[in-house]
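> Kindly generate the corresponding structure for this input.
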Amino acid sequence: MAELKLRSKDPDSLRRIIQSALSSRLQSVTAGIKRTEERIHEFETKYQLSTEDFITQFNNDELSHNFDFDEWIGEARMLAHLQQTKESIEEIDFVD
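Here you go, the predicted structure:
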């Protein structure tokens, strides 16, 4: 695990600023995850296919190209990225 050291004349203030920024970012990422999951659910409902099965079939050229599919793949990739970002933020621990 990496450790980052910051120096400030007012370390308590710096800590509050960073915690606030991280909290705001976490809220934004969580909202993004919710929107992305909703969009993915729309595709899954429309095509009666789970995202996992869709990606497998798409990668095996079992589906005809469709612009929805491009968007669906993009949403799936975005969800993975947002989930990783959320995990990274949640793993941050302040040490004294």
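> tell me the average confidence for the helix or strand hosting residue 72?
For residue 72, the host element (DSSP states H and E) is helix 67-90. Mean pLDDT, helix 67-90: 97.
> can you offset everything so residue one is 181?
From this message on, residue numbering opens at 181, which makes the last subject helix 247-270.
> by contact count, what packs against it?
Contacts defined by 3 or more Cβ pairs under 8 Å, 6 or more residues apart in numbering; DSSP states H and E place helix 247-270 against helix 191-227, helix 231-239. Every C-beta, even on glycine, is put in place using the N, C-alpha and C of the backbone.
> would a markdown table of those with distance to residue 266, mean neighbour count and mean pLDDT be doable?
Shown next, in a markdown table, are those (distance: least, Cβ to Cβ, whole Å; neighbours: other Cβ atoms under 10 Å; pLDDT from 0 to 100):
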| stretch | distance to residue 266 | mean neighbour count | mean pLDDT |
| --- | --- | --- | --- |
| helix 191-227 | 5 | 13 | 97 |
| helix 231-239 | 18 | 14 | 96 |
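> I'd like these written out as CSV, with distance to residue 276 added.
As requested, the helices and strands packed on helix 247-270 are arranged in CSV below (distance: least, Cβ to Cβ, whole Å):
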stretch, distance to residue 276
helix 191-227, 9
helix 231-239, 43
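> Ok, which of these comes nearest residue 260?
Among the helices and strands packed on helix 247-270, the nearest to residue 260 by Cβ to Cβ is helix 191-227 (9.6 Å).
> Tell me how far residue 195 lies from residue 273.
Going from residue 195 to residue 273 by Cβ to Cβ, to the nearest Å gives 12 Å.
> Then residue 182?
Between residue 182 and residue 273 the distance is 11 Å, computed by Cβ to Cβ.
> Counting neighbours, go ahead and name the busier of these two.
Legend: neighbour count by other Cβ atoms under 10 Å for residue 182 and residue 273, higher for residue 273 (7 against 3).
> Quick check: phi and psi at the more buried one.
phi -130, psi 130 (degrees, to the nearest 10).
> gap between the closest residue to residue 202 other than its chain neighbours and residue 233?
Distances taken as Cβ to Cβ, 6 or more residues apart in numbering put residue 269 closest to residue 202, at 5.8 Å, once the chain neighbours are dropped. To residue 233, residue 269 is 30 Å away according to Cβ to Cβ.
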